[in-house]
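Asker: Pasting a predicted model and its sequence here:
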Amino acid sequence: MSKEKTSFVYVTYIRSTPEKVYEAITRPEIARRYWGHENVSDWRQGSKWQHVRANDQRTVELVGEVVEVSPPDRLVITWANASQAEDRDAYSRVTFEVVEYEDMVRLTVTHDELEAGSGMANGISKGWPAVLSSLKSFLETGDALDVFAKPKAA
């Protein structure tokens with residue numbers, strides 16, 4: 001019996017260009033500044049990609065494959081915890097769609113094929129809003145947010 005799947009869609013508007021938004025997602029030296037991770041790949045269809053923690057340990061936390069590449073408008077990748085790399089059922093999919101809107105960009109991130117109620121689904125429901133807010137802040141002001149911040153104790 002197959003497990004129930006879920007998806008999440010995140011949309012943000014960023015005062016930037018499609019090229020800069022796309023580069024911020026795919027260039028490790030930029031992603032590390034607002035995400036605390038580097039997305040490492042040659043960004044060719046069928047290539048592997050890794051999401052590497054940008055610290056001294058350089059831990060590979062996520063892995064996947066590049067499914068579709070159409071810079072600067074669209075990028076589709078598969079996504080799984082590194083510990084589940086061999087389990088094809090553990091993979092979900094992330095689609096980045098970048099659309100120019102006059103002097104800004106609409107970035108839509110769709111994370112689908114997620115197992116409903118899984119740790120990954122729970123994690124990305126909190127993680128993507130922080131990462132995309134940090135990306136927006138970084139591209140518009142040059143200052144990123146702390147994506148690892150925790151809520152203050154009451």
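Answerer: Yes, it's here.

Asker: Tell me where the chain has helices.
Answerer: Per DSSP state H, the chain carries helices over the ranges 18-26, 28-35, 119-141.

Asker: right, and those - which one's nearest residue 5?
Answerer: Closest to residue 5 of those, according to C-beta to C-beta: helix 119-141, at 9.2 Å. All C-beta spots, glycine's among them, are computed from the backbone N, C-alpha and C.

Asker: just checking, what packs against the closest one?
Answerer: strand 5-14, helix 18-26, helix 28-35, strand 104-115 (3 or more C-beta pairs under 8 Å, 6 or more residues apart in numbering; DSSP states H and E).

Asker: just to revisit the earlier point, and residue 102, which of the helices of the chain is closest to it?
Answerer: helix 18-26 (12.2 Å).

Asker: Same question for that closest one: list its buried residues.
Answerer: Neighbour-count burial for helix 18-26 flags 18, 21-26 (criterion: 16 or more other C-beta atoms under 10 Å).

Asker: on that earlier part again, mind putting the helices and strands packed on helix 119-141 in JSON lines, distance to residue 150 and mean pLDDT included?
Answerer: Below are those laid out as JSON lines (distance: least, C-beta to C-beta, whole Å; pLDDT from 0 to 100):
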{"stretch": "strand 5-14", "distance to residue 150": "21", "mean pLDDT": "96"}
{"stretch": "helix 18-26", "distance to residue 150": "24", "mean pLDDT": "98"}
{"stretch": "helix 28-35", "distance to residue 150": "17", "mean pLDDT": "96"}
{"stretch": "strand 104-115", "distance to residue 150": "22", "mean pLDDT": "97"}
